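[1] Just need the structure, nothing else, for what follows:
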Amino acid sequence: MADNRGVVYLGPGKVEVQSIDFPELKNPKGKKITHGVILKVVSTNICGSDQHMVRGRTTAPAGLVLGHEITGEVIEAGEDVEFLKKGDLVSVPFNVACGRCRTCKEMKTGICLTVNEGRAGGAYGYVDMGGWVGGQAEYVMVPYADFNLLKFPNKDQAMEKIRDLTMLSDIFPTGFHGAVKAGVGPGTTVYVAGAGPVGLAAAASAQLLGAAVVIVGDMNKARLAHARSFGCETVDLTLDATLTEQITQILGVPEIDCAIDCVGFEASGHGTDSKKEVPAAVLNSLMEITRAGGSIGIPGLYVTDDPGSKDESAQKGNLSIRFGLGWAKSHSFHTGQTPVMSYNRQLMQAILYDKVQIAKAVNVEIITLDQAPEGYAEFDSGVAKKFVINPHNMIPDVKAKAKEKATA
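    Purely as a prediction, here's the structure:
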């Protein structure tokens, strides 16, 4: 049997690459399944959601194999898999979904009712999401393969654009989902809270959807500079000027049409409170600046339990939200896990036909599996990068290829 290695969470602030079991066609309870496939992982990304666990801000147990953003090549298929074969290159939605339950049939695959005994919704390598082994590894098993997996139509073409296509497993659909649920469309003005990878993906998505102006707010100057590099306006939340004042300076009016929360529960205050954790800061600020009748998309993660919070209420998932303000302004709020399959096929087409350069927008950096612990540490420091792990060194060297073309 082939060997396997993966990124394992050991406790707050520590991950390590370890030898792990080679995947089998079994569910987390050990029952054999015939509807799954085993993938050789081509690329797998470090997500901001992973960082919440690694910081000790969830109830994740030590020994958890991390990773839910997976792209891979089929090396084995169960006997009931009909539409995929060995050698196919596929994108794995981070949602584990059965395709058979009520919510899956409604394409609400983020809240599948059967893949997690604890609650609705499953995911690979994530706390309280069903026990499915993560994909920051050399090999991984994916259940319900015919339903879950997106096959790339041309393998060679896909490998040429793998830096972009690897974003289809989570970050790009998640940013796009936030923009869609915020009501982004042609000519709208948009504010994106957070210039991390999901925020940058949401900003690129808003541009793809035809927004007139996309404003990104953050406290990290490097991340704000990167947002400006692809046409976004920016707001520095460490300044004394309020968010409303800075929005007014950009737009001439103190409100925006659409708001997207890409920060989540580890939010900080603004201005003089920018170094103080205020879990509801983003949600409250978005209600202040969103026009009456506007919508707020919330792809940022909020947890039911936050043991690392200094706020006693927030430890139980309770936030001090000015809900009356949102009610008075008739705001629409949309929360929850992104149903990746609602978007990934059309976003794949946008990538393949050069309508969007999502890898450039989120500033992809390729690392090896052994470099994953350093990638986690660097990402946690706030760098303006999206780390993509390349377990088998299958991702083409773009710089080398460009040099070859130049000298040809």
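
[2] For the chain, spot the helix or strand the model is least confident about on average.
    In the chain, the helix or strand scored least confidently by mean pLDDT, DSSP states H and E is helix 398-407, which has a mean of 55.

[3] Contacts only, for the residue most central in space within the chain.
    When CA atoms, centre = their mean is applied to the chain, the residue found nearest the centroid is residue 171 (3.2 Å). Listed by CB atoms under 8 Å, 6 or more residues apart in numbering, the contact partners of residue 171 are 45, 47, 69, 197, 198, 201, 358, 362, 386. No exception for glycine: its C-beta is placed from N, CA and C like everyone else's.

[4] Give the rounded mean pLDDT of the host helix or strand of residue 294.
    The secondary structure element spanning residue 294 is strand 290-297 (assigned by DSSP states H and E). Mean pLDDT, strand 290-297: 98.

[5] Can you point out the buried residues in the helix or strand following that strand?
    Following strand 290-297 in sequence order, the next helix or strand is helix 323-328 (DSSP H and E). For helix 323-328, the buried set under the neighbour-count rule, 16 or more other CB atoms under 10 Å, comprises residue 326.

[6] and if you look at stretch 178-186?
    In stretch 178-186, counting by 16+ other CB under 10 Å, buried: 178, 179, 180, 181, 182, 183, 184, 185.

[7] Now neighbour count and pLDDT too, for the contacts of residue 171, in JSON lines please.
    Supplementary listing: the contacts of residue 171 in JSON lines, determined by neighbours: other CB atoms under 10 Å; pLDDT from 0 to 100:
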{"residue": "45", "neighbour count": "26", "pLDDT": "98"}
{"residue": "47", "neighbour count": "28", "pLDDT": "95"}
{"residue": "69", "neighbour count": "31", "pLDDT": "98"}
{"residue": "197", "neighbour count": "30", "pLDDT": "96"}
{"residue": "198", "neighbour count": "30", "pLDDT": "96"}
{"residue": "201", "neighbour count": "29", "pLDDT": "98"}
{"residue": "358", "neighbour count": "28", "pLDDT": "98"}
{"residue": "362", "neighbour count": "29", "pLDDT": "97"}
{"residue": "386", "neighbour count": "28", "pLDDT": "97"}
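
[8] So which residues of the stretch 51-200 of the chain form strands?
    64-65, 69-77, 89-92, 95-96, 122-123, 139-142, 150-151, 189-193 (DSSP state E, counting those that start in this stretch).

[9] closest one to residue 317 among the ones you listed?
    Ranking these by proximity to residue 317 (CB to CB) places strand 122-123 first, at 18.1 Å.
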